[in-house]
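# Generate coordinates for the sequence data below:
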Amino acid sequence: MNGNSFPLFTISRGQAVEAKYIDPLLDDYRGNPLIEALPPIMNEGEAVRQLASKPNYQPSERNLPVHLRMHCVQRIGRDFFQPLSRHVELEQKLSRLIRDGYVGRNPLTPNYAFRSRRDAYDLIVSGKTEGFPVNNPTSSGFALVGISGIGKSSSILRILSLYPQVIVHSKYKETDLNLYQIVWLKMDCPHDGSIRGLCLNFFHAVDSLVGTQYYRKHASGRKTVDELLPIMAQVAAVHCIGVLVIDEIQNLIEAKIGTASKMLNFFVQLVNTIGLPVILVGTHKATPVLNGEFRNARRGTGQGDDIWERMKNDEEWHWLLQGLWKFQWTEEQAELTPQFVDVMYQESQGITDIAIKLFMLAQWRALDQQSPCITPDHIVSVARDRLQLLQPALSALRSGDRNKIAAFGDIYSSLNVDEILSELVTKHKQEERLELIRRELKVDPSEEIRLDIQRWLEKAGIESELAIKAAKEVVLQYLDRLQEVDIYQEGLKAAIRLQKEDVQIKKTRRQNAHKNKHEIFELDDLRFIVRQSKTLQISAYETLKKAGYIKDASEFVS
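Residues are numbered from 1 along each chain as shown. Below you'll find the model as predicted:
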């Protein structure tokens, strides 16, 4: 706690760099040092490579002692990030939003100085923003809403981290330019929805980034919220904040009557007066508070809100698990079978954070029990033992009963025709992006074909072990011409043949066991040794001689 009894909430930190100007390749971005100092605009393939992250993994580590391997598993939660179509779309949206917001805020133009003077403060205080010369009136923001654990906060922070947080400008071409540009600022909404707490936290964040003393100056006095909000806007203008992200916006539900509306109206003023894009992030509990002024401010911006629902048990879910499944520190690596895919979905209900935690917990349990590899039973057991607090919400999702789901605000969302249409459009875009992601990360297509054959065979009733062998055989046999054959029929043929061979082997073993059941000899029995002469295709004499029972006569001559 500080002297004013306001806790300092979470502030995300990034890098600070000196400005290096590059050609942004678009005329409407050229000549603006705030945009030219940003990293190059990425295409979707470049975004995939930048976002992807894999934990350090060496197969030899599976030979380490159990207690060390348990620490290795921890890397998954810290370093694993598999880009999905929603992440690529969010990166592209943020890229456009930040640059579009800077178009109307060029520090080399008179308008920049105007916004930084007392005029901006007076206009916000009076609420008369219509005459304010924003050159970029389309600059706005959007809301990112979804269930807890789907990766909203971590994803947006990962994308923001592709940009430096602070850029120090000293000279642009032949013009002196002394300013600290804050590209992005991500803060949590206070737990009680306090506007004063938000303002003070904002001042503290800016102070920690650029060395100012706004917090000391404004927190110690008795300034009201109505006085602090315009100061906050002025500070945002002076330091050229590119985008302001307010997370945990559902905390406004706990705010005093009228506070939520006032805070959202202030965000609208930030957009309208200084052209600062604002992104609000929260769970579905935030939906009611976002249905007022902020929605109206966002209308027609072209960016559109994001609703992140839990994943479906589809191709992209398989893609996520395929990436995850590579990192196993048990003695043996478990194959990703359809049973694993279904069990993981059943126990996580498509919530990515829960799925990753389940995979880690299952490995820890397997290591603890000295099991050679993880099994579906491990996943089910850790879900019951370690995720007890989540079970009521997960059970509601499994039931599909909207009344039960509605009892959990963090996982509830309404469904309408627009969402269904959007879902169909997104599905096709997702398939395109998934193919691009596979290509950029150089995924072996034969491995995916093998898994596809394996899943098909198992659905056809072939037992898992036999399906795995048959799928491997088909891929090895037809590796160079997989497109020319019916891989599923070839897989079925291979499975039938392997099954017949297995039956014949077992039959032969039974016959041999029956034939020899009355003739069981010890290994050093002469009858056993003589019988081996048939197998070795040499005489009984030679067999006994090799076994050391027949000596050369010269050994006994002195």
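
# residue ranges with poor pLDDT in the stretch 401-550 of the chain?
402-403, 405-432, 442-445, 482-483, 511-526, 528-538, 543, 545-548 (pLDDT under 70).

# which parts of stretch 374-392 are buried?
By neighbour count on 16 or more other C-beta atoms under 10 Å, the buried set for stretch 374-392 is 374-376, 378-379, 381-383, 387, 390. C-beta here means a position set from N, CA and C on the backbone, and glycine is covered the same way.

# make that stretch 352-363, sorry
For stretch 352-363, using 16+ other C-beta under 10 Å, the buried residues are 352, 354-363.

# ok so, going back, kindly reformat the buried residues of stretch 374-392 as TSV containing distance to residue 282, secondary structure and pLDDT.
Listed next are those as TSV, based on distance: C-beta to C-beta, whole Å; DSSP: H, G, I helix; E, B strand; the rest coil; pLDDT from 0 to 100:
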residue	distance to residue 282	secondary structure	pLDDT
374	34	coil	96
375	37	coil	95
376	34	helix	95
378	34	helix	94
379	30	helix	95
381	33	helix	92
382	29	helix	89
383	26	helix	90
387	23	coil	81
390	19	helix	81
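
# Name the pair among these with the greatest separation in space.
Greatest spatial distance among the buried residues of stretch 374-392 (C-beta to C-beta): 375 and 390, at 21.4 Å.

# Put the alpha carbons of stretch 329-337 into CSV.
Extracted in CSV, the C-alpha atoms of stretch 329-337 (Å, rounded to 0.1, in the frame of the first residue of the first chain):
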residue,chain,number,x,y,z
TRP,A,329,9.9,-36.3,-20.5
THR,A,330,8.6,-39.8,-19.5
GLU,A,331,10.8,-42.8,-20.4
GLU,A,332,8.6,-43.4,-23.5
GLN,A,333,6.7,-41.0,-25.6
ALA,A,334,2.9,-41.7,-25.8
GLU,A,335,1.4,-41.6,-29.3
LEU,A,336,-1.3,-39.0,-29.8
THR,A,337,-4.3,-41.3,-30.4
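
# Give me the contacts around it.
Stretch 329-337 is contacted by residues 61-62, 64, 69-70, 72-73, 321-322, 325, 328, 340, 363, 366-367, 371-375, 451, 454-455, 458, 464, 468 when judged by C-beta atoms under 8 Å, 6 or more residues apart in numbering.

# show me the contacts for residue 95.
Contacts of residue 95 (C-beta under 8 Å, 6+ apart): 41-42.

# Over to it. Which of the three states is it?
helix (DSSP: H, G, I helix; E, B strand; the rest coil).

# where along the stretch 451-558 of the chain do the helices fall?
Along the stretch 451-558 of the chain, counting by DSSP state H, counting those that start in this stretch, helices occupy 464-477, 487-515, 526-536, 540-546.

# relative orientation of the longest one and helix 464-477 in degrees?
Relative orientation of helix 487-515 with respect to helix 464-477: 120 degrees, computed using axes from the mean of the first three to the mean of the last three C-alpha atoms, to 10 degrees.

# Would you mark the buried spots in helix 487-515?
So, applying 16+ other C-beta under 10 Å, buried residues of helix 487-515: 487, 490-492, 494-495, 498.

# again, but for stretch 468-486
Within stretch 468-486, judged by 16+ other C-beta under 10 Å, the buried ones are 468-471, 473-475, 478, 482.

# for stretch 201-217, same thing?
Those would be 201-207, 209-210, 212, 214-215, for stretch 201-217 by 16+ other C-beta under 10 Å.

# Alpha carbons only: can I get that stretch in CSV?
These are the backbone C-alpha positions of stretch 201-217, laid out as CSV (Å, rounded to 0.1, in the frame of the first residue of the first chain):
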residue,chain,number,x,y,z
ASN,A,201,-1.9,3.2,-11.5
PHE,A,202,-1.6,4.8,-14.9
PHE,A,203,0.6,7.7,-13.6
HIS,A,204,2.8,5.1,-11.7
ALA,A,205,3.2,3.1,-14.9
VAL,A,206,4.2,6.1,-17.0
ASP,A,207,6.7,7.2,-14.3
SER,A,208,8.3,3.7,-14.2
LEU,A,209,8.7,3.7,-18.0
VAL,A,210,10.0,7.2,-18.7
GLY,A,211,11.2,8.6,-15.4
THR,A,212,8.5,11.2,-14.8
GLN,A,213,6.9,12.1,-11.5
TYR,A,214,3.2,12.2,-12.3
TYR,A,215,2.3,9.9,-9.5
ARG,A,216,4.0,11.9,-6.8
LYS,A,217,2.6,15.1,-8.1
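
# In CSV, could you pull the C-alpha coordinates for the helix or strand containing residue 74?
Element membership of residue 74 [criterion: DSSP states H and E] is helix 66-79. The C-alpha trace of helix 66-79 is given here as CSV (Å, rounded to 0.1, in the frame of the first residue of the first chain):
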residue,chain,number,x,y,z
VAL,A,66,12.7,-38.2,-12.1
HIS,A,67,13.0,-35.1,-9.9
LEU,A,68,15.0,-33.3,-12.7
ARG,A,69,12.5,-34.4,-15.4
MET,A,70,9.7,-32.9,-13.3
HIS,A,71,11.4,-29.5,-13.6
CYS,A,72,11.8,-30.0,-17.4
VAL,A,73,8.0,-30.5,-17.7
GLN,A,74,7.6,-27.0,-16.1
ARG,A,75,9.0,-25.5,-19.3
ILE,A,76,5.8,-26.3,-21.1
GLY,A,77,3.8,-23.8,-19.0
ARG,A,78,6.4,-21.2,-19.3
ASP,A,79,7.6,-21.4,-22.9
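
# Contacts made by it with the rest, please.
53-57, 61-62, 64, 324, 327, 329-330, 356-357, 359-360, 363-364, 367-368, 370.

# Now do the strands in the protein.
Assigned by DSSP state E, the chain shows strands spanning 16-18, 142-146, 166-172, 175-182, 184-188, 243-247, 278-282, 306-308.

# picking that back up, of the contacts of helix 66-79, buried ones?
55, 324, 327, 329-330, 356-357, 359-360, 363-364, 367.

# Spell out the residue ranges of the helices in the stretch 1-150 of the chain.
33-36, 44-51, 66-79, 85-103, 110-116, 118-126.

# give the contact list for the residue nearest to residue 288 when sequence neighbours are not counted.
Spatial nearest neighbour of residue 288, excluding adjacent residues (C-beta to C-beta, 6 or more residues apart in numbering): residue 253 at 7.5 Å. By C-beta under 8 Å, 6+ apart, the contact set of residue 253 is 193, 260, 285-286, 288-289.

# From residue 144, how far off is residue 253?
17 Å (C-beta to C-beta, to the nearest Å).

# With distance to residue 23 and pLDDT added, can I get the buried residues of stretch 352-363 in JSON lines?
Converted to JSON lines, these look like this (distance: C-beta to C-beta, whole Å; pLDDT from 0 to 100):
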{"residue": "352", "distance to residue 23": "37", "pLDDT": "92"}
{"residue": "354", "distance to residue 23": "44", "pLDDT": "90"}
{"residue": "355", "distance to residue 23": "42", "pLDDT": "93"}
{"residue": "356", "distance to residue 23": "40", "pLDDT": "93"}
{"residue": "357", "distance to residue 23": "44", "pLDDT": "90"}
{"residue": "358", "distance to residue 23": "47", "pLDDT": "92"}
{"residue": "359", "distance to residue 23": "44", "pLDDT": "95"}
{"residue": "360", "distance to residue 23": "44", "pLDDT": "91"}
{"residue": "361", "distance to residue 23": "49", "pLDDT": "89"}
{"residue": "362", "distance to residue 23": "50", "pLDDT": "92"}
{"residue": "363", "distance to residue 23": "48", "pLDDT": "91"}
